[in-house]
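Chemist: coordinates only, sequence not included:
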């Protein structure tokens with residue numbers, strides 16, 4: 001397993017709180033640290049250029065507070081998001097697991113969103129391979145969604161890194177998930193889309209990759225799927241790559 005220590009000291013860490021066990025069995029992290037987005041991106045070595053500002057669109061959200069629990073030092077390493085459909089096919093789940101496992105074996109941090117389907121497969125495969133993983137979730141850190149990922153979310157904040165743009169106790173709306181995807185794109189060196197429909201929320205992350213100049217890797221099985229129209233929108237972008245093997249990723253992120 002890689003040794004990736006935490007050396008970030010900015011932001012006040014909350015004091016330990018009384019342990020609360022949710023009905024799902026989820027035990028929220030006792031230590032949650034806030035950090036402004038701009039400072040976080042500088043720390044991660046992925047600063048957002050002036051012309052790329054506006055990650056969360058509204059002027060008052062230009063430098064929002066981000067909350068994390070776990071090893072922030074993981075953001076200093078090469079990172080690839082592995083994302084896709086919640087209701088994924090068996091083949092797609094196998095592809096996500098294989099990509100995550102091979103990335104982990106190559107020393108790349110695997111990032112995803114802890115949703116059902118592709119996200120869960122990616123996180124799980126990276127951990128089983130002895131690698132490290134980052135989860136950017138669409139709820140406050142004290143919540144878990146879906147409930148069946150309670151144990152996995154605990155594993156991630158205890159031994160890896162859990163991140164959210166939502167304040168503790170903040171209500172969650174459907175619009176928070178595209179924001180989660182945009183934040184995930186910013187924190188990664190590139191994103192792999194394993195499977196996604198024409199209406200998938202994953203496409204928010206694809207668009208953000210292009211806007212920020214991050215690599216966008218689209219599985220060949222997705223690009224060749226004649227039932228999908230969205231891949232054509234990205235095919236000719238300079239940083240879009242049709243993914244045939246993990247080497248296509250490693251060759252580009254160094």
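Modeler: Right, received. Where do you want to start? Quantities reported herein were computed from a predicted structural model and do not represent experimental measurements.

Chemist: separation between the closest residue to residue 119 other than its chain neighbours and residue 211?
Modeler: Leaving aside its chain neighbours, residue 119 sits nearest to residue 112 (4.2 Å; criterion: CB to CB, 6 or more residues apart in numbering). Just so you know, the C-beta spots here come from the backbone N, C-alpha and C atoms, and that holds for glycine as well. Going from residue 112 to residue 211 by CB to CB, to the nearest Å gives 20 Å.

Chemist: try residue 150
Modeler: 34 Å.

Chemist: now swap in residue 98 and tell me
Modeler: Separation of residue 98 from residue 211 (CB to CB): 29 Å.

Chemist: and what of residue 222?
Modeler: 20 Å.

Chemist: who's more crowded, the two?
Modeler: residue 222 (21 against 15; other CB atoms under 10 Å).

Chemist: so the more buried one, which of the three states?
Modeler: Taking DSSP: H, G, I helix; E, B strand; the rest coil as the rule, one finds residue 222 in the helix state.

Chemist: residue 110 now?
Modeler: Criterion first, three-state DSSP; result for residue 110: strand.

Chemist: point out where the stretch 1-150 of the chain drops to low pLDDT.
Modeler: Applying pLDDT under 70 to the stretch 1-150 of the chain flags residues 1-24, 51-63.

Chemist: mind listing the helices for it?
Modeler: Using DSSP state H, counting those that start in this stretch, the helices of the stretch 1-150 of the chain run over 37-44, 90-105, 118-128, 150-159.

Chemist: which stretches of the stretch 51-200 of the chain form strands?
Modeler: 65-70, 79-83, 109-112, 133-137, 161-164, 190-193 (DSSP state E, counting those that start in this stretch).

Chemist: looking at these, which is closest to residue 90?
Modeler: Closest to residue 90 of those is strand 79-83 (CB to CB; 16.5 Å).
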